[in-house]
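requesting a structural model of the entry that follows:
(chains A and B)
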Amino acid sequence: MSVKTKSRERKEVFTTNSGIPVKSIYTPTDTANLDYERDLGYPGEKPYVRGIYPTMYRGKLWTIRQFSGLDTPEETNQRFRFEYENGSTGLALAIDNLGLTGFDPDHPLAEYELGIGGVSVSTLQDMETIFEGLPIEKLGVAVIQGITTACSHTALYFALAEKRGIKLSEVDGTTEGDPVSYGGCGPLPHTFPPRHLLRLGVDLVEWCAQNTPRWHPVSYTSYNYRETGVSAYQEIAGLFAAAIDYIDEELKRNRLTADDFASKFTFHLSAHNDFFEEIAKYRAARRMWYKIMTGRYKATDPRALTLRFHVQTAGSTHTYQQPLNNIVRIAYQVLAAALGGAQSIHANSYDEAICNPTEKSVLMSIRTQQIAQLETNIANVIDPLGGSYYIEWLTNEIEEKAWDYLKKIEEQGGWFGAIESGWLYKERIDTQREHARKLANGELTVVGVNCFKMDEEPHQVEVFRPNPKAYEIQRAKFEKLKKERDNIRVQRALDQLARVSEGKENVMPEVMEAVRAYAGIGEISNVWRNVFGVDNPTWL
Amino acid sequence: MSEKSGPIKVLMAKPGLDFHTWGVTIVSLALRDAGMEVIYIGPQDPEQIVQTAIQEDVDVVGLSLLSSTHMRLIPKITELLRARGADDMLVVLGGVFPPEDIPLLKEAGVDEVFLPGSELDNIANYIKGNARRKKAAV
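So this is what the prediction gives:
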C-alpha cells in the first residue's frame, strides 16, 4: 500500500536534519516488521526503547540540571544558590578553560582565560567555596570537565565530600570527563597523547566502581560531538564507540566484569532542531545500548543495560541574530528531550550565541523546563509517541545508520583508533563543509540568518561580562595557599603520582592524596605532561 | 612600497584556550578554496601567534574567538604586532562579540570583524580586496 501525493510539493526531496529522506506519510506498511515485545517492550523492560524506568516521569520528573560556572568560586556559589532557590533540582559545575586544560591560576594564560567559560577550579579550597551552604548530599552534582582533568577534578569533589562528612561509599553524582567530546571536537591543546587519556579515564571508572559505588565516573557526551555539525546517527555511533573502547580497556585489565563498572555509566546527548528525529534518536540509542551490553558483553545488571542520559539543548542551533528567537528553539528542544525520555535536562539560555548567560536568561531556562513539566501534561504518559508509524520507522532508520557508522569507526580501530588515524577529524570536516554548502545555497534555512533577516535587531539582550578582577583574586588565593599548605606532603604526593603514572597501577589513590594536600590541578597535570608527554596535533 | 606576488598568505589562529573550532576550520578551508595559502595553528597564546605571523611573513592574521576573551586577547595581539613592526598585516576577526564591542576592537587595530552568519564568500572577498592594499599603503 502506498499513499500517492498528486499535488505538487514544496521540494523535490524532504529530509531530516541528518539527511534521511522522508515520505509524506507513514503507514502500517512502514512498521510491518516491528515485533512489539521484541523491538519495543514496556518501560523499564528490555529492550528499553520506551524508557528505562517502569514509571518514568509519573514517578519522578526529569531533573532540571543547569550547567553553570563563572568567574570566581564565590560568584559561582551565588549563581548555584540562585538556581537552587528557583527550583533547579540538580547542579552541573562548569569549569573554566584554564582548569579544563589543566592549568593553575599562576599559568601565563590565566590572565586571559581564568573564569572564562566556567569557574576557576584549581584546588580543594575552590571546591569548598563553590558548594558552601548547598546541600550537595541531596542534589546530584555533575562535575563537568574534559578528559584531561577527569581524575583530578573528580578527586577534588570527593575530597570536598569527605570534608563534609559524606562517606565515599555514599557520594552521589557524575563526572563528565569523557572521550566522545575529546575525540569528537579535538584536537585539544596542551593535553597528553590519546592512549594516556584513555588510561586515565579508565582508571577513574575502575577506581569509582571499587570505591564510590553511587558515583557515575563518566558521562559519555555526544553533545559536544554533535555541536561540531555531525548527524544524529553519527552522534550516537560516536557515543557507543567511545564507551566500547572504555569497556574493552577495563576488561583487558582483568580486574572487573562489565556489570561491575558499565552499570555506573551515564550519557549526555544533544537535543537538536529536528523534533521527531531527536525523539527517534533517543529511542534508538536505548535499544542499541541494550543490544551492545547484552550481545557483546553478556551484561545482566539492568543498570548496565539501560541508557541513563542527560540532554542539553543544542547551542549550535542558536542564532546571534534576533536572539529572543532562541527561547522558542530551546523550548522545542526541551520538549523533544522530554518526549524522548531524558533523565535530566539542561535548557540553554537565549543569550548564549552572544555571551555567557546572565542570571536573567538562566531563570528563563529554568522556567522553560518548569512550564514543560507542570503545564503541558507531557509528563503524564510514558513514551507518548511510541507506536507512531513515523517515529517507529525513524527509530529503526536511525538505529540502522548508527550501526553502520559504528562499524566504520570500529574499522578504524575504534574511537581512539579513529582519533589517532585522523579519520574522525576528516569525517567531521567533510560534514562541516557540507553544512556550509547547504547554508550558503539555502537548502538549510535558519530564521534570522539566511532568511527573514532584519537590518536592525528587534531586541537587545543584556550582555554578561566576565569579572575583570577574577584573575587577580584567584591568583592571590593560589599564591597564599601555596605558602600555607604542607608543601612536603604535596611534593611527596606528586612524586608518588609520577611513579604510579609510569607504571600500570591505578592513579586515583595518588590523585586523591594530592588534592587532599591542596595540590593544584595544574601541578597534577604537569606531572602527567612530564610522564606522558604533550600531544602535538595537526590542526588542519 | 613593496609589492608581493603569489597567493595571499593567511595565518589562522584561536587566541588562548578557546576550543570552538568549527568556524575557524570552515573559514580556513574556504580561504584555501579561494586560492590563498592558509596556515592554521589552532589555539595558541598571543606571543606564539605574533611570532608565527612574522616568521611566516603572512599578509593576513585571521583570529577566531567565541569565548568572551576578545577584549583581553585581541588588543594584546594587535599591540604585539605593532611593537614588532608587523602592523601592515591585515587583522581579521571572526566569532561572537557583543555589538558594542566591535568599535572597540576596531580601535584596537582590527581591520574587520565577521559575526556569526557571515557568508564565506564575503570573508574571502574582503581579504582579497584588502590584504595587499594594506601592505602597499603602509
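
longest helix in chain B, by residue count?
Longest helix of chain B, by residue count under DSSP state H: helix B:120-137.

all helices for chain B, in order.
Using DSSP H, helices in chain B cover B:22-33, B:46-55, B:70-83, B:102-107, B:120-137.

any idea which of those scores lowest on pLDDT?
Note on the helices of chain B: helix B:120-137 shows the lowest mean pLDDT, a mean of 91.

who in chain B is up against chain A?
Contact residues, chain B versus chain A (C-beta under 8 Å from any C-beta of the partner chain): B:15-19, B:21-22, B:25-26, B:28-30, B:38, B:40-45, B:67-69, B:72-73, B:76, B:96, B:98-100, B:115-117, B:119-121. Where C-beta positions appear, they are placed from N, C-alpha and C, glycine not excepted.

recalculate using a threshold of 6 Å.
B:16-17, B:22, B:26, B:28, B:40-43, B:45, B:67-69, B:72-73, B:98, B:115-117 (C-beta under 6 Å from any C-beta of the partner chain).

so can I have TSV of the helices of chain B showing distance to residue A:389 and mean neighbour count?
Shown next, in TSV, are the helices of chain B (distance: least, C-beta to C-beta, whole Å; neighbours: other C-beta atoms under 10 Å in any protein chain shown):
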stretch	distance to residue A:389	mean neighbour count
helix B:22-33	35	20
helix B:46-55	55	18
helix B:70-83	49	20
helix B:102-107	50	14
helix B:120-137	40	16
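
could you export these as JSON lines, including distance to residue A:47?
Formatted as JSON lines, the helices of chain B follow (distance: least, C-beta to C-beta, whole Å):
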{"stretch": "helix B:22-33", "distance to residue A:47": "34"}
{"stretch": "helix B:46-55", "distance to residue A:47": "51"}
{"stretch": "helix B:70-83", "distance to residue A:47": "48"}
{"stretch": "helix B:102-107", "distance to residue A:47": "53"}
{"stretch": "helix B:120-137", "distance to residue A:47": "44"}
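
between those helices, which one is nearest to residue A:480?
Smallest distance to residue A:480 across these (C-beta to C-beta): 23.9 Å, for helix B:70-83.

which other helices and strands contact that closest one?
Other elements packing on helix B:70-83 under the criterion 3 or more C-beta pairs under 6 Å, 6 or more residues apart in numbering or on different chains; DSSP states H and E are helix B:46-55.

angle of the helix it packs on against helix B:70-83?
Here helix B:46-55 runs at an angle of 40 degrees relative to helix B:70-83 (axes from the mean of the first three to the mean of the last three C-alpha atoms, to 10 degrees).

mind giving me the ChimeraX command for buried ones among the residues of chain B next to chain A?
Here is the ChimeraX command that picks out the buried ones among these, judged by 16 or more other C-beta atoms under 10 Å in any protein chain shown:
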select /B:16,17,22,26,28,40,41,42,43,45,67,68,69,72,73,98,115,116
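
now stretch A:136-150, how far from the centre of its chain.
11 Å (C-alpha atoms, centre = their mean, to the nearest Å).

one more: stretch A:94-110?
From the chain centre to the centre of stretch A:94-110 is a distance of 20 Å (C-alpha atoms, centre = their mean).

before we move on, what about stretch A:519-530?
24 Å.

likewise for stretch A:104-112?
Offset of stretch A:104-112 from its chain centre (C-alpha atoms, centre = their mean): 26 Å.

near chain B, anything from that stretch?
Yes - counting by C-beta under 6 Å from any C-beta, contacts between stretch A:104-112 and chain B involve A:109, A:112.
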